[in-house]
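Trainee: predicted structure and sequence below. I'll ask about it afterward.
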Amino acid sequence: MLSRVADGMFWLNRYMERTDGMLLTTNILYIMSFDKETNDYQGYKPLLKYYTDLYPEYITQYQHDTNYVLKYIICESKNHNSVKNLITKARENARGSQDKITKELWEHINSMYHYINAPDLPQRLETHEAITILAKLNKDFLLYNGIFHVTMPRGLGWSFSSVGKHIERCLQTISMTQSYYEPIDYNLDGKEDLLYWRKLLLSLSGYELYLKSYSNNTHNRKVIQHVIFNPDFAHSVIFTLGLIETYLDFILKNNNFIEARTMRNQFGRLKSSLEFTDYHQLTSQQLEQVLNNTKEQLVQFSIDFSKLFFSHS
Amino acid sequence: MVNLTPKLGPKGWDEMFSKEGVRDSYKQVLQTLESLSLDTLNFKQKQASDIFMNQGITFTVYSDDNQGIERIFPFDIIPRIITKNEWAEIETGITQRLNALNLFLDDIYNGQNIIKDGIMPASLIASCPHYLPEIQGIKVPHNIHVHIAGIDLIRGEKGEFYVLEDNLRCPSGVSYMLENREITKRIFPEMFSENNVSMVVNYPMIFHNILVSLSPRNISKPNVVLLTPGVYNSAYYEHTFLARQMGVPLVEGRDLVVNNHIVYMKTTSGLQQVDVIYRRLDDEYLDPLVFKPDSALGVPGLISAYKMGNVALVNAVGNGVADDKAVYAYVPDMIKYYLNEEPILKNVPTYQMENLEERELVFADMENMVIKETNQSGGYGMIMGNKATEEELEAAKIAIVKNPRNFIAQPIIQLSTVPCFIDGELKLRHVDLRPYALCGPNGVQIVPGGLTRVALTEGSLVVNSSQGGGSKDTWIMK
């Protein structure tokens, strides 16, 4: 497969996964903002902190301003991570890999692009239509994932896209988890109630599974167990690392690069260090360290992966 | 039920209607159209536009604030019909023309007998900007230089066909021929199946077989690629469409590298040798070591690999000399010279501005002439004498006198019209036709179809998409 095209497919799915996660978080926080009695001191802060480049003082200023947040997150051209810009970038990557993605996938990305670029969208977001727009966008991403699964051939293109998708998903899970543990100093023995964790769990599509899997009053340690170590949860760090490993093995199967072996070992170390972490015995300090290390190593892996396969040389 | 019969113009050939009424070939189509309500027809027109938009068959228009707006190339839902007999004439005429043009290119880059025998002046070739001395003496696989040609045809006032232009470098638009057909099938399924229309869907397969047959390596699965200038090229959609339809990688110049006169593509598992390149990149951008040194779109060393016979290029390099507008006038002579046959398809009478006598003739009758720059295409560098102002005509005369080789003139021909569905009624608009001819080791094959381009502005004779033209599905009846 052409290096440039593999690069395009990798980033296509990274951008789409990032947008998907960001929209889901936006939708959850938006809907929860209607419940005034929940004493929500963070507001949109987790969303703005991870997904935007806003300075901390601006985050503080706007973290409870729904109108501003919706427009900034969804259609602000100056926000390089807005839904509009991310879909545009995803579409550019899809255009560059158009001979390797299916017609159905291309047409869907294209229709999303036209929807998000509708000139009246910012005005409509200021009205009660906002909730419908968010729901439509969320559905479009579900459909995107469905079309991707149903129509795309399982070859190298699939594997490069899937590595991109799961790197992005893993980073989102870690970062969103950090944004809820950081305010409580990573206290695993604290007594935060389910309402506190609900936003994180819903943002990661893991609320229902959490309720089914853990029926205890203390949640701080259980939530970590769920979002980081639960192998059955599609957004957990361990699950996403497992998938990256699977697709990496497929890519490396017929590859004779010397660096490929080094890369495989590098990833093996990253995954093993998390696999062999005993979450029952984790201290607050260790949790912070584990999250930071995993994130740093994954970012480094992504850089090395790109250098090896996409350097176009 | 609507009456769609438009008013005929005082002169010119309409393909659906004669003075006596609707022509036989269109009877069934018109009957179907008239059985539908205006709302249905409007809905179908919108449905077609939406399909184009959703498929990304668009070009981008930039406004003052640099915001890109995506537009589609207009598509008219009423098909254009060519009868079986008309097509037979087109097919044999184009085959003959292409055979002669291939022989001409092989001759001009080798023995140059056509010049030695006094059929064509040497100065005409030497002054042609698309004649490339760099590839003089080139030997191409099977002596085929033109593998794909788009021959622009028009119909005169009595319905007779003329060749307006030969496109022998990177003819575009074939994806519209194929997509227009798919859209017609979707919006008029019954009408399409009731008529006996020849299929065009096999075009990519025929073309792919030709590309494979040109491989310099005798291997079962040679590497064929389509070379595009990139995502910002206006024909990028077509490049992706063809790559997908043929199942070949779509590469950019930066994806290729030449090592020891062999072309490779950069893949995730290392370098892979490339055998055949269907390039949608003009000659001058192909290789910065030979042509434009600042071209970032090409591949350094490509021409050397090509000359060594290690890679085949489609179309061959240097074809521009054969579709130069001044050389065009000599195609009938080429047919006689190389094939010893009379041309089946007529040329539009063409006046060489280098010829003093012809120039005076043209200057005396400018308002009935179209002046064309010989090295331009796409409707650019063209002045319609009947639409130009006095100042424009004077400026054209000065430019011609300054560089006569750069211009030709042709009498304005009233192109035939075909009704188009515009603002809820059928309106007559001028059209041309670009059939696509493929040439491989087994001869010339022309898929029974083509791109009908429509000048959507009333009375306009300029059909180019870059000048606001649209397109129609073209039905060749069996």
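Mentor: Thanks, I have the structure now.
Trainee: mind listing what B:R244 touches?
Mentor: A:Q98, A:D99, A:K103 (CB atoms under 8 Å, 6 or more residues apart in numbering or on different chains). The way it works is simple: take the backbone N, C-alpha and C, and place the C-beta from them, glycine included.
Trainee: what about the first one, which SS state?
Mentor: The reference is to A:Q98. At A:Q98, secondary structure determined by DSSP: H, G, I helix; E, B strand; the rest coil is coil.
Trainee: can you tell me the element the nearest residue to it once chain neighbours are set aside falls in?
Mentor: Nearest residue to A:Q98 in three dimensions, chain neighbours excluded: B:T240, at 3.8 Å (CB to CB, 6 or more residues apart in numbering or on different chains). Assigned by DSSP states H and E, B:T240 belongs to helix B:236-246.
Trainee: the following helix or strand past that helix pairs with which strands, and in what direction?
Mentor: Per DSSP H and E, the first helix or strand lying C-terminal to helix B:236-246 is strand B:250-251. The pairing partners recorded for strand B:250-251 under DSSP bridges are strand B:224-227 (parallel).
Trainee: mind checking how far the strand it pairs with is from the chain centre?
Mentor: Relative to the centre of its chain, strand B:224-227 is centred 20 Å away, using CA atoms, centre = their mean, to the nearest Å.
Trainee: can you list the strands that whichever strand or helix holds B:W475 pairs with?
Mentor: According to DSSP H and E, B:W475 maps onto strand B:470-476. Sheet pairing of strand B:470-476 (DSSP bridges) gives strand B:75-82 (parallel), strand B:451-454 (antiparallel).
Trainee: format these as CSV; extra columns: mean neighbour count and mean pLDDT.
Mentor: Formatted as CSV, the strands paired with strand B:470-476 follow (neighbours: other CB atoms under 10 Å in any protein chain shown; pLDDT from 0 to 100):
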stretch, mean neighbour count, mean pLDDT
strand B:75-82, 23, 95
strand B:451-454, 26, 95
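Trainee: which residue ranges of the stretch 151-300 of chain A form helices?
Mentor: Using DSSP state H, counting those that start in this stretch, the helices of the stretch 151-300 of chain A run over A:156-181, A:194-203, A:207-213, A:220-224, A:237-253, A:258-275, A:284-310.
Trainee: what residues does chain B have near chain A?
Mentor: B:53-56, B:70, B:226, B:231, B:236, B:240, B:243-244, B:248-252, B:254-255, B:265-270 (CB under 8 Å from any CB of the partner chain).
Trainee: ok, B:E160 - contacts?
Mentor: By CB under 8 Å, 6+ apart, the contact list for B:E160 reads B:K346.
Trainee: wait, I meant A:S302
Mentor: A:I167.
Trainee: now do B:E34, the pLDDT please.
Mentor: Among the per-residue scores, B:E34 holds a pLDDT of 89.
Trainee: swap in the one 5 residues further on?
Mentor: B:D39 is assigned a pLDDT of 91 by the prediction.
Trainee: same question, B:S18
Mentor: 88.
Trainee: now the one 4 residues further on
Mentor: Predicted confidence (pLDDT) for B:V22: 90.
Trainee: helix, strand or coil: sort out B:D432 for me.
Mentor: What three-state DSSP gives for B:D432 is strand.
Trainee: pairing partners for it in the sheet, please.
Mentor: Bridge pairing for B:D432 - DSSP bridges - gives B:R453.
Trainee: could you do the one 4 residues further on as well?
Mentor: Partner residues in beta bridges with B:Y436: B:G150, with DSSP bridges as the criterion.
Trainee: got CSV for the strands paired with strand B:470-476, with distance to B:K19 too?
Mentor: Converted to CSV, these look like this (distance: least, CB to CB, whole Å):
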stretch, distance to B:K19
strand B:75-82, 19
strand B:451-454, 23
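Trainee: pick the most deeply packed of the helices of the stretch 151-300 of chain A.
Mentor: Most buried of those by mean neighbour count (mean count of other CB atoms under 10 Å in any protein chain shown) is helix A:156-181; its value is a mean of 24.
Trainee: so how far is it off the chain centroid?
Mentor: Offset of helix A:156-181 from its chain centre (CA atoms, centre = their mean): 5 Å.
Trainee: quick one: list the elements packing against that helix.
Mentor: If contacts are counted by 3 or more CB pairs under 8 Å, 6 or more residues apart in numbering or on different chains; DSSP states H and E, helix A:156-181 sits against helix A:3-32, helix A:45-51, helix A:194-203, helix A:220-224, helix A:237-253, helix A:284-310.
Trainee: A:I109: which of the helices of the stretch 151-300 of chain A is closest?
Mentor: helix A:156-181 (12.4 Å; CB to CB).
Trainee: what angle sits between that closest one and helix A:237-253?
Mentor: The directions of helix A:156-181 and helix A:237-253 differ by 160 degrees, with axes from the mean of the first three to the mean of the last three CA atoms, to 10 degrees as the criterion.
Trainee: where are the low-confidence patches of the chain?
Mentor: By default, I'm working from chain A. A:36-40, A:216, A:312-313 (pLDDT under 70).
Trainee: actually chain B
Mentor: For chain B, the ranges with pLDDT under 70 are B:1-5, B:7-11, B:59-70, B:377-379, B:466.
Trainee: next SSE after the longest helix along it?
Mentor: Determined from DSSP state H, the single longest helix within chain B is helix B:84-108. Per DSSP H and E, the first helix or strand lying C-terminal to helix B:84-108 is helix B:113-116.
Trainee: helices or strands up against that next one?
Mentor: Looks like helix B:113-116 contacts helix B:84-108 (3+ CB pairs under 8 Å, 6+ apart).
Trainee: list the buried ones in the helix it packs on?
Mentor: B:86-87, B:90-91, B:93-108 (16 or more other CB atoms under 10 Å in any protein chain shown).
Trainee: who's in contact with the residue positioned nearest the centre of chain B?
Mentor: Nearest to the mean C-alpha position of chain B, by CA atoms, centre = their mean, lies B:G150 at 3.7 Å. Taking CB under 8 Å, 6+ apart, we find B:G150 in contact with B:N167, B:P171, B:S172, B:G173, B:V174, B:R434, B:P435, B:Y436, B:A437, B:L451.
Trainee: backbone dihedrals for the first one, both of them.
Mentor: Listed backbone geometry of B:N167 is phi -110, psi 110, with angles given as degrees, to the nearest 10.
Trainee: pretty sure it contacts B:I151?
Mentor: Yes. If you go by CB atoms under 8 Å, B:N167 and B:I151 touch, sitting 7.2 Å apart.
Trainee: looking only at neighbour counts, state which of these two leads.
Mentor: B:I151 (26 against 20; other CB atoms under 10 Å in any protein chain shown).
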